[in-house]
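Chemist: quick one: sequence and predicted model below, then my questions.
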Amino acid sequence: MQISFYVLGERFKQHDITSSTASALDADAVLNFVCRLTHTVLTKSDHSLLIIDDQTERLTALDEHLWSFDATSFIPHNLILEDVITLDKLSAPVTLVKKMIPDFDGVVLNLAPTAPPISTHGTLPEKILEIITSDETSKQQGRDKYRIYRDLGFELIYFPIN
C-alpha cells in the first residue's frame, strides 16, 4: 500500500499585515487544498474516498467547503458523524467520517492526528493520503505516522506543497 504525505508550506499560514510575520494556520486555505485533492482523487481513481478527521467541527466545515469550493464542479459526498459505521452505509463517492471504517478498500484521506488503525492481515485501503501542516504539532504527528507506516512496510511518498 502507498502512503502519500502532502506537506503544506508557508502559503497555508495567515500573515499579519502589520508585522509581516506568519501566525496561525489559514484554515480556509487548508480546507481548499483538501477540496482540490479530493477532486483530484475522484478524477484519477475508480475507488471511493474516505476522509477521516476526529474534529467534528472541521468535518462540518469541510462538508460546507465541498459544496461550494468550485462553481464549475460538484463533489458528491456524505457526512456521517456516527461513531460506528459499516461499509453498507457508504452511498457517495466521498464520505466524511470520524473514524476508519473496517475493511474499507478505497482511498483514505486522513486528517486525524494519528494513523488510522489498519491491519496488514485484513483488507487494506488502496492508498492513504496524509496532510501535514507547517505547525510543529502537525509535523510531529506526521513523523509519528511516518514511523508507523514505515514499520508496517508501506511505500512512503513525500509531496511538498508550497
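Modeler: That came through fine.
Chemist: from here on, contacts and neighbour counts on C-alpha atoms
Modeler: Fine.
Chemist: which helix runs longest in the protein?
Modeler: helix 27-44 (DSSP state H).
Chemist: pull the CA atoms of that one into CSV?
Modeler: As requested, C-alpha coordinates have been extracted for helix 27-44 and formatted as CSV (Å, rounded to 0.1, in the frame of the first residue of the first chain):
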residue,chain,number,x,y,z
ALA,A,27,-7.9,27.0,7.9
ASP,A,28,-9.7,28.0,4.7
ALA,A,29,-6.6,27.6,2.6
VAL,A,30,-6.1,24.1,4.1
LEU,A,31,-9.7,23.1,3.5
ASN,A,32,-9.5,24.4,-0.1
PHE,A,33,-6.4,22.2,-0.6
VAL,A,34,-8.3,19.2,0.8
CYS,A,35,-11.1,20.0,-1.7
ARG,A,36,-8.7,20.2,-4.6
LEU,A,37,-7.0,17.0,-3.5
THR,A,38,-10.4,15.3,-3.2
HIS,A,39,-11.3,16.4,-6.7
THR,A,40,-8.0,15.0,-8.0
VAL,A,41,-8.5,11.7,-6.3
LEU,A,42,-12.0,11.3,-7.7
THR,A,43,-10.8,12.1,-11.3
LYS,A,44,-7.8,9.7,-11.1
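Chemist: got the contact list for that helix?
Modeler: By CA atoms under 8 Å, 6 or more residues apart in numbering, the residues outside helix 27-44 that reach it are Phe12, Ser48, Leu49, Leu62, His65, Leu66, Phe69, Ile75, Pro93, Val107.
Chemist: now pLDDT too, for those residues, in JSON lines please.
Modeler: Formatted as JSON lines, these follow (pLDDT from 0 to 100):
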{"residue": "Phe12", "pLDDT": "76"}
{"residue": "Ser48", "pLDDT": "94"}
{"residue": "Leu49", "pLDDT": "96"}
{"residue": "Leu62", "pLDDT": "94"}
{"residue": "His65", "pLDDT": "90"}
{"residue": "Leu66", "pLDDT": "91"}
{"residue": "Phe69", "pLDDT": "79"}
{"residue": "Ile75", "pLDDT": "85"}
{"residue": "Pro93", "pLDDT": "93"}
{"residue": "Val107", "pLDDT": "97"}
